[in-house]
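[1] just coords:
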């Protein structure tokens, strides 16, 4: 029995090690030392959707399937797909980041903040939960930091891949909820790394 438990723990640890990864693209985390406030902006341009050529093709397919089941459901899906960004993903990122440490915080619409943090989502996979089968959501994102007054002068940039999100106890049937958890995980990892390497 002990061997089985040990094996399960080893598999969990191994799986976690293959989850979220970070690669610094420009600068160093140490370049963020002393920055206490970031004006936060989100960018979803050119987002990759696995198994589809582009986001437009993804929406067309998902909307058509929903329309077959119930008239109007396709448009409801499309509306939620875009509104979830501002209503769920971004607040979740902000909440998760800010509750970690008081020394540095992020927020939207902070024009007086000397530095801006840009979260560019480059890949978005909604995952699924059909009861007997589950797959967590995943996002890839490039986090860039620059002086608010000089957006073209990036002082630091890091790419995160496979930030996974799902709900506790398996109650994550809604794709928007799963994806919001991916943003929470991304923010948590980023804040912890800044605290460890820049403070």
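    Thanks, I have the structure now. Being a predicted model, the structure only gives us computed values, none of them experimental.

[2] Counting by contacts, list what the helix of greatest length in the chain packs against.
    When the chain is parsed with DSSP state H, its longest helix is helix 175-198. With contacts taken as 3 or more Cβ pairs under 8 Å, 6 or more residues apart in numbering; DSSP states H and E, helix 175-198 sits against helix 73-84, helix 90-98, strand 137-147, strand 154-165. The C-beta positions use only the backbone N, C-alpha and C, and glycine is treated the same way.

[3] pretty sure residue 125 is in contact with residue 163, am I right?
    No - using Cβ atoms under 8 Å, residue 125 makes no contact with residue 163, being 10.4 Å away.

[4] Looking at these two, which is more packed in?
    Set side by side, residue 125 and residue 163 show more neighbours around residue 163, with 28 against 22, by other Cβ atoms under 10 Å.

[5] How many neighbouring residues does the closest residue to the more buried one other than its chain neighbours have?
    Distances taken as Cβ to Cβ, 6 or more residues apart in numbering put residue 186 closest to residue 163, at 4.1 Å, once the chain neighbours are dropped. Counted with other Cβ under 10 Å, the neighbours of residue 186 add up to 27.

[6] show me what contacts residue 186?
    Contacts of residue 186 were listed using Cβ atoms under 8 Å, 6 or more residues apart in numbering, and they are 20, 93, 119, 139, 141, 160, 163.

[7] re the thing from before, quick check: neighbours shared by residue 125 and residue 163?
    138-139.

[8] next SSE after the helix or strand of the chain with the lowest mean pLDDT?
    Here the helix or strand of the chain ranked lowest by mean pLDDT, DSSP states H and E is helix 2-17, holding a mean of 42. Reading on from helix 2-17 to the C-terminus, the next helix or strand found by DSSP states H and E is strand 21-26.

[9] Would you mind listing the buried residues in that next one?
    Residues of strand 21-26 classed as buried: residue 22 (neighbour count, 16 or more other Cβ atoms under 10 Å).

[10] so what does that strand touch, helix or strand wise?
    strand 154-165.

[11] Each with direction, which strands does the strand it packs on pair with?
    Strand 154-165 has its sheet partners listed here by DSSP bridges as strand 21-26 (antiparallel), strand 137-147 (antiparallel).

[12] Return the distance of the last one from the chain's centre.
    Between the centre of strand 137-147 and the centre of its chain there are 8 Å (Cα atoms, centre = their mean, to the nearest Å).
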